[in-house]
Each structure stands twice: as C-alpha cells, then as structure tokens.
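A.B. asks: Dropping the sequence and predicted coords here.
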Amino acid sequence: MKTYLLIGASAFVLGAGSMAYVSQQALADSQPRAKTYKMLGLFGDVLNTVETQYVTEVDDTKLIQSAIDGMLTSLDPHSGYLNPEDFDDMRDQTRGEYGGLGIEVTSEDGVVKVISPMDGTPAFRAGIKAGDYITSVNGESVLGLTVTEAVKQMRGRPGETVTLTIAREKTDPFDVKLVREVIKPKSATARLEGDYGVLRIGSFNEKTTDEAEAAFAELKAKNPKMKGLILDLRNNPGGLLDQAVGVSDLFLEGGEIVSQRGRDPRDVERYNARGGDITGGLPIVVLINSGSASAAEIVAGALQDRKRAELVGTTSFGKGSVQTVIPLRGGVDGALKLTTARYYTPAGRSIQKTGIEPDLEVALTREEAEAIAKRAFQFSEASFKNALNADEGKVRRGAHEPAEAPPESFDEKKDFQISRATDVLRYGSVAATPKLPKPTSRVAEIVGKAKVAEAKAPAAPVAK
C-alpha cells in the first residue's frame, strides 16, 4: 500500500510545479511506454482473432491465464501463474497433505520430466525415477502441456487408477499403473545403521523441522550412545525456505545459514542459527545427489560451509533461486510464483546451475558412474535453456570419472553411498577415510572417448 501512495504523491508534485521537467521526462519515457502499449494492443488483436476465427469456441479465461503463465515461464523454469484451483493445491502441498501420485515434476522443452518421486508414495513404490519423462496420462498425451496442466491430469480422487507412460533412457516407453492416494508424505524418517543414525528428509513442507527433530529424538532414545549421524537429502526436491533454515538450525550453534539477494544489490536478507545443536556435537555426514535441489542444497551448503558436516554423494541439482508466491486479490485470482532472489551459502557461494560438490564423490551404482563419465542424461538446473545464469565464470563440472563407484564385489542389495558415509564417520573425516580404487576400465574407456570427441569438436566462434 505504501508504494502506491508514494507513486501517487510523486505524480501530484510533478503535476503541480515541474511542468518543464515532466515534459522532458515524459519524452524520455514515452518510447518504451508506447512500445508496451503497442504490444498490449497486439495481444488484444490476437485474442480477438482467436475468439472469432479459431476452429472451435474458446474459453477467454483459459486463454488469458495461459498467456500469463507463458509470460512468466519464459523468464525462468520456476516462475509461473497459479490459477485459483492450482493455488489451493499448492497450499495443500506445502501443508503436507494432498491427493495425487507423489511426483515432483518440471517441464523441459514441452515435456514433463520427473525431478524425483516422494518417499513412500505410489510413484516411489512403482519405481519411477528422477529424470524419467512422462509422455501421457491415461493414454492422453501431455506433450506440450504446462506443468500445471499435466499435474492436474495426474491428481484426482483417491482410489482411482492412473496409467502413466514413461520414457526412460535405454528402454522403450512403458506404462506404469498407479492408484491415487491422499498424499501425506512424512518428510522426515529415521533408522539406525549400526552405531550410526540415518535421518532421511524427503522434502521440506510446513512440518519438516518438527518431524526431523522428533525423528532424531527417537534415534537417541533407541541408542543413547549413537556415534554419528547421516543426514540423507538425496532426491529431495526442496520446498519451503523457512524449513531449510529450521533444519539447518537444528545442527548449528549459531552464525549464518543462508542469505538471499534480490534485484537491488542492497536488498539482502540473512538467516542465522539461534544456537543449540540437537546432536550435542555428533559428527555428521550429509548425503546428496543430482536430485537434491533448492532447500536441500541450502541445508547441505550451510553445513558444509560452517564445517559442521562433510558431504558424500554426487553433485546436487543446482537450483539457487528463491520463488515468492504473490496472491492476486487475496488468492481470488490465483497467484504468481515469481523468482525474486538468489540464495547464497554462508561462504557467499551462489550454486545456481553449478550445484554443490560433495567432499567425497561417490556414485550409487556402476551405471550411475558411467552416466557421469559420459555426461549422459545428467538432469540438473543447467539442463534448462532459460535457467538463470550462474555466477560469472562458473560452470557445472562436465563429464568426468567419478572418484568412487561400487566395486564388483559389493552387494547390490546394499546402499553404497550409505556404506561410504558410514566409513567417513568411522574414520573421522573424508581425508582420513581410505579411498577405494577408481572405477574399472569401462568407465575410464567412456571418459577417454568423451575427451577424444571433445578434442575433435570444432571450436566455438569468438565474438568480436
């Protein structure tokens, strides 16, 4: 409200006593304004043409809402328009309860792509993986639809069957049948792994900090002499910023957790820990992978920069932007989900596109190690054509041979990354942990071919 009042007051002063200034300023401002009005007129002409000449009758409301959404999604992959129904769905989701299949999705070149399935949901149990493409829902193509439109087809009455057609690398498209449920994903669960606790956080909703604290208390009750904690943030697609701050705060005695910086360089907001480490100083290892995004990266980055934990796994997703949900007329007309800031770790790192690199790089499987080596199907923020740029000069690490992968003798039924995280806790640090031999020649062969191909590629033209 203050902003509108100030604008009105300024206009009054200019009109009352600065006519010469107004005329000069108006001349300076008239050209971009005239262009804006011209384009709005063009939009009206297009809308009118579609209304009168399209092959079937159209819904004006749907057309305009789609146009607004298109305008916002053209800015970056995470901005968009939420109509009133979608806004209600989003609020249900952040409250930690809604109806659906339990899949976090995004859109890439008009194709719906899975960021990650949520723990314990129908999608998780059906084996849907991060990076899968959803091409149709119940036999109807979702190609070209917005994320909002595609999600609407997947949600519905609990108990109903939904058939998704999945496209996955190295396989033919296949159908997966799922039954909708009321999704009440427990965002934090815990279990003991020998003398060590494993605290799994699958997402960040309004209940996450409380659930994480309660889950850790259960661990301590089961084993008061627990020697360390593994914080598992793999395939965590993110969520609420305040919950990322809250979870980080559980393990820190004070100091900065994260800062967010907006369009104005002076617009900086810092979030600090209040003190009180619930573990009492137990050593911590954080597990991350390419599915760890946004709020999960805030936690991982804070604990890494503050030297409170060491990171094991693979490089995170690289979503370093903050979205603000701005209700329109109190939500009656829906809301805008608008990227308003970037976030930075305590050391001042923006991880936009680049992601957070672990202290010990460990591939979960030999297949994943091969994928990293040839950079095939590596889904990350950098995959989006219209993603915000990274800090100047920074790029995401390209194809390379990962430091570690499961040896042939490793039991495939076990979790190799958990195993190595346990080793780090046992030896006291990544530096002190004996390193395993590099992955076998198969991975090395792929890296070699990738380097040869890169060397043969024509050089990019230099701008003059």
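C.D. replies: Sure thing, it's come through. Numbers count the residues shown, from 1 in each chain.
A.B. asks: What segments of the stretch 51-200 of the chain are helices?
C.D. replies: Using DSSP state H, counting those that start in this stretch, the helices of the stretch 51-200 of the chain run over residues 60-73, 84-94, 122-125, 147-154.
A.B. asks: With respect to residue 287, which of the ones you listed lies nearest?
C.D. replies: The minimum distance between residue 287 and the helices of the stretch 51-200 of the chain falls on helix 122-125, with 17.0 Å, by C-beta to C-beta. From N, CA and C alone the C-beta is placed, and that goes for glycine too.
A.B. asks: before we move on, the earlier item: quick one: which of the helices of the stretch 51-200 of the chain is nearest residue 184?
C.D. replies: Closest among the helices of the stretch 51-200 of the chain, using C-beta to C-beta: helix 84-94, at 10.7 Å.
A.B. asks: Now do the closest one: everything it contacts.
C.D. replies: 82, 98, 148, 151-152, 155, 205-206, 239-240, 325, 327, 331-335, 337 (C-beta atoms under 8 Å, 6 or more residues apart in numbering).
A.B. asks: So which of those belong to strands?
C.D. replies: Secondary structure assignment by DSSP state E places 82, 98, 325, 327, 335, 337 of the contacts of helix 84-94 in strands.
A.B. asks: Looking at the residues you listed, which has the smallest pLDDT value?
C.D. replies: Ranked by pLDDT, the ones in strands among the contacts of helix 84-94 bottom out at residue 98 (65).
A.B. asks: ok, for residue 60, nearest residue in space, not its chain neighbours?
C.D. replies: Nearest non-adjacent residue to residue 60, counting by C-beta to C-beta, 6 or more residues apart in numbering: residue 51, 6.9 Å away.
A.B. asks: Tell me, how many residues neighbour that neighbour?
C.D. replies: Applying other C-beta atoms under 10 Å, we find 13 other residues in the vicinity of residue 51.
A.B. asks: Number the chain from 26, please
C.D. replies: From this message on, residue numbering opens at 26, which makes the last subject residue 76.
A.B. asks: any idea how far it is from residue 96?
C.D. replies: 19 Å (C-beta to C-beta, to the nearest Å).
A.B. asks: And residue 134, by the same measure?
C.D. replies: Counting by C-beta to C-beta - residue 134 and residue 96 are separated by 18 Å.
A.B. asks: What segments of the stretch 376-489 of the chain are helices?
C.D. replies: 391-399, 441-452, 466-481.
A.B. asks: Quick check: the gap between residue 407 and residue 304.
C.D. replies: From residue 407 to residue 304 the distance is 34 Å (C-beta to C-beta).
A.B. asks: for residue 233, that is, sorry about that
C.D. replies: On the measure of C-beta to C-beta, residue 233 and residue 304 end up 17 Å apart.
A.B. asks: Settle it for me: which of those two has more neighbours?
C.D. replies: residue 233 (25 against 19).
A.B. asks: Tell me the spacing between the more buried one and residue 273.
C.D. replies: Distance from residue 233 to residue 273, by C-beta to C-beta: 11 Å.
A.B. asks: now swap in residue 137 and tell me
C.D. replies: To residue 273, residue 137 is 31 Å away according to C-beta to C-beta.
A.B. asks: how many neighbours does residue 406 have?
C.D. replies: 28.
A.B. asks: Might you report the residue contacts of the residue lying closest to residue 102 once chain neighbours are set aside?
C.D. replies: Spatially, and ignoring its direct neighbours in sequence, residue 102 is nearest to residue 409 (4.5 Å; C-beta to C-beta, 6+ apart). Listed by C-beta under 8 Å, 6+ apart, the contact set of residue 409 reads 101, 102, 133.
A.B. asks: where's the dip in pLDDT among these?
C.D. replies: pLDDT across those is lowest for residue 133, at 75.
A.B. asks: For residue 102, see how far away that one is.
C.D. replies: 8 Å.
A.B. asks: One more: residue 82?
C.D. replies: 32 Å.
A.B. asks: ok, these two, which is more surrounded?
C.D. replies: Legend: neighbour count by other C-beta under 10 Å for residue 82 and residue 102, higher for residue 102 (20 against 6).
A.B. asks: Find the residue at the geometric middle of this protein.
C.D. replies: residue 318 (3.8 Å; C-alpha atoms, centre = their mean).
A.B. asks: Is that one in contact with residue 103, as I believe?
C.D. replies: No: counting by C-beta atoms under 8 Å, residue 318 does not reach residue 103; the two are 10.3 Å apart.
A.B. asks: Which residues are in contact with each of those two?
C.D. replies: Joint contacts of residue 318 and residue 103 (C-beta under 8 Å, 6+ apart) are residue 344.
A.B. asks: circling back to that earlier point, quick check: which of the helices of the stretch 76-225 of the chain is nearest to residue 199?
C.D. replies: helix 147-150 (14.5 Å).
A.B. asks: name the helices or strands packed onto the closest one?
C.D. replies: strand 136-142, strand 199-204 (3 or more C-beta pairs under 8 Å, 6 or more residues apart in numbering; DSSP states H and E).
A.B. asks: picking up where we left off before, in strands, which of the contacts of residue 409 appear?
C.D. replies: Per DSSP E, these map to strands at residue 133.
A.B. asks: Need the contacts of residue 409 in TSV (columns: distance to residue 70).
C.D. replies: Output for those, formatted as TSV (distance: C-beta to C-beta, whole Å):
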residue	distance to residue 70
101	28
102	29
133	31
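A.B. asks: now, which of the contacts of residue 409 sits nearest residue 256?
C.D. replies: For these, the minimum distance to residue 256 (C-beta to C-beta) is 27.0 Å, reached by residue 102.
A.B. asks: picking that back up, which of the helices and strands packed on helix 147-150 is buried the deepest?
C.D. replies: strand 136-142 (a mean of 23; mean count of other C-beta atoms under 10 Å).
A.B. asks: Now do that strand: everything it contacts.
C.D. replies: 127-132, 148-149, 151, 153-160, 167-168, 170, 172, 175, 260-262, 316, 318, 342, 404.
A.B. asks: what pairs with that strand, and is each one parallel or antiparallel?
C.D. replies: Sheet pairing of strand 136-142 (DSSP bridges) gives strand 128-133 (antiparallel), strand 158-162 (antiparallel).
A.B. asks: average model confidence for that strand?
C.D. replies: Per-residue scores along strand 136-142 average to 86.
A.B. asks: ok so, going back, reformat the strands paired with strand 136-142 as JSON lines; add mean neighbour count and distance to residue 328.
C.D. replies: Shown next, in JSON lines, are the strands paired with strand 136-142 (neighbours: other C-beta atoms under 10 Å; distance: least, C-beta to C-beta, whole Å):
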{"stretch": "strand 128-133", "mean neighbour count": "20", "distance to residue 328": "23"}
{"stretch": "strand 158-162", "mean neighbour count": "19", "distance to residue 328": "33"}
